[in-house]
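turn this into a model:
(one chain, ligands or ions: 1)
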Amino acid sequence: MSTDENAAEELLRGPEGLGRRDMPTSWTRRPGIEPTPDFLAMIDALRALQDDVTAAVPPPDVLVDTTKTLSELSERLRAYAAPERDQLTGRLITVPGRGQTMSPVLHLDEWSEHHARGHVTFGRFYLGGNGAVHGGAIPLLFDEILGRLANTGGRRPSRTAFLHVNYRSITPIGVELQIEGRFEREEGRKRFLTAELRHGDTLCADAEGLFVQLKPGQP
Ligand SMILES: CCCCCCCCCCCCCC(=O)SCCNC(=O)CCNC(=O)[C@H](O)C(C)(C)COP(=O)(O)OP(=O)(O)OC[C@H]1O[C@@H](n2cnc3c(N)ncnc32)[C@H](O)[C@@H]1OP(=O)(O)O
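You can find the predicted model right below:
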């Protein structure tokens, strides 16, 4: 079993984990709907497309043709739109990146109730300027690792109440970065977590997050 699968098992373990029983209804999926390799291949292709669209400066004929193809694809997929509860993207917690293309793919290398370590590469899609990741994309990654950590270890579901990010040096695109998250402490319903994003020895950004445990019935 991979580290990501272990993390997912842990996340969903036990009657008090982030299990289906405790999750708001819209967060759960109906049983029996599983991702297929073909679905995940589509998501990978979309990630590549996002990078390629970001970088491309095509001639007019290629633009017209590409726009037509993209519109046709949208129309084709729209016919298969499912309600939130049946959606696959973002819910595939056993798969690095959870089958979504909003945030970069987080690969978890180590995982426990109080600590997570992983690696990530921001593609061209996440470029802000001058080789650096867009400042808005970095909190996505922090929320991803801290959100998972906040809700693991049999803890009841929580949501991000704040996420404070310090940008310590530029975060380069196209290179592997290291990320680490820690569950620092719990005070009643409040969970305090921290994380750091590094490129080798360089600290790119760090974050502190407060996650508040949801009360029954809270969305
Ligand atoms: C199939 C499953 C798939 C799952 C995927 C897994 C991977 C997921 C990875 C991604 C994960 C992504 C996760 C996401 O992104 S979740 C999406 C982003 N977050 C939200 O949308 C949350 C919106 N906010 C709320 O819902 C409520 O405000 C919450 C629930 C947070 C608290 O409202 P609630 O009415 O319940 O509580 P309270 O107001 O009585 O406050 C309680 C205590 O907290 C303190 N407090 C509150 N706010 C702040 C603040 N800003 N700074 C400082 N303190 C704050 C407050 O003072 C009080 O302290 P005390 O007086 O008791 O000491």
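
so what's Asp52 up against?
Listed by Cβ atoms under 8 Å, 6 or more residues apart in numbering, the contact set of Asp52 reads Arg124. The way it works is simple: take the backbone N, C-alpha and C, and place the C-beta from them, glycine included.

how near is it to the ligand?
27 Å (Cβ to the nearest ligand atom, to the nearest Å).

so where does that residue fall, helix or strand?
Assigned by DSSP states H and E, Asp52 belongs to helix 37-55.

next, Pro139: secondary structure please.
helix (DSSP: H, G, I helix; E, B strand; the rest coil).

for whichever residue of the chain sits closest to the ligand, which residues are in contact?
At 2.3 Å from the ligand, Gly147 is the closest residue in the chain, using Cβ to the nearest ligand atom. Gly147 makes contact with Thr160, Phe211, according to Cβ under 8 Å, 6+ apart.

repeat that for 10 Å
Contact analysis of Gly147 by Cβ atoms under 10 Å, 6 or more residues apart in numbering lists Leu18, Ser158, Arg159, Thr160, Leu163, Gly181, Leu193, Gly209, Phe211.

and the furthest pair within the residues you listed?
The most widely separated members of these, counting by Cβ to Cβ, are Leu18 and Leu163 (18.6 Å).

so for whichever strand or helix holds Asp143, mean pLDDT?
Secondary structure from DSSP H and E places Asp143 in helix 137-150. Averaging pLDDT along helix 137-150 yields 97.

next, the most far-flung residue of the chain relative to its centre: phi, psi?
For the chain, the residue at maximal distance from the C-alpha centroid (Cα atoms, centre = their mean) is Asp61, at 35.4 Å. Note on Asp61: its backbone torsions stand at phi -60, psi -40 [degrees, to the nearest 10].

and the one 5 residues further on, by the same measure?
In this entry, Thr66 is assigned phi and psi values of phi -70, psi -40 (degrees, to the nearest 10).

can you tell me how far it is from Leu46?
Going from Thr66 to Leu46 by Cβ to Cβ, to the nearest Å gives 14 Å.

check for me that Pro96 belongs to a strand.
No - applying three-state DSSP, one finds Pro96 to be coil, outside a strand.

quick revisit: lowest-confidence member of the contacts of Gly147, which is it?
Scoring the contacts of Gly147 by pLDDT puts Leu18 last, at 36.

generate a ChimeraX selection restricted to the buried subset of the contacts of Gly147.
Applying 16 or more other Cβ atoms under 10 Å to the contacts of Gly147, the buried members can be selected in ChimeraX as follows:
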select :18,158,160,163,181,193,209,211
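
for Leu203, state which of the contacts of Gly147 is nearest.
Out of these, the member with the shortest distance to Leu203 (by Cβ to Cβ) is Gly181, at 14.3 Å.

specify the beta-bridge partners of that closest one.
Beta-bridge pairing for Gly181 (DSSP bridges): Ala116, Ala195.

swap in the one 5 residues further on?
Beta-bridge partners of Glu186, counted by DSSP bridges, are Arg191.

returning to that earlier point: narrow the contacts of Gly147 to those in strands?
Cross-referencing the contacts of Gly147 against strands under DSSP state E gives Ser158, Arg159, Thr160, Leu163, Gly181, Leu193, Gly209, Phe211.
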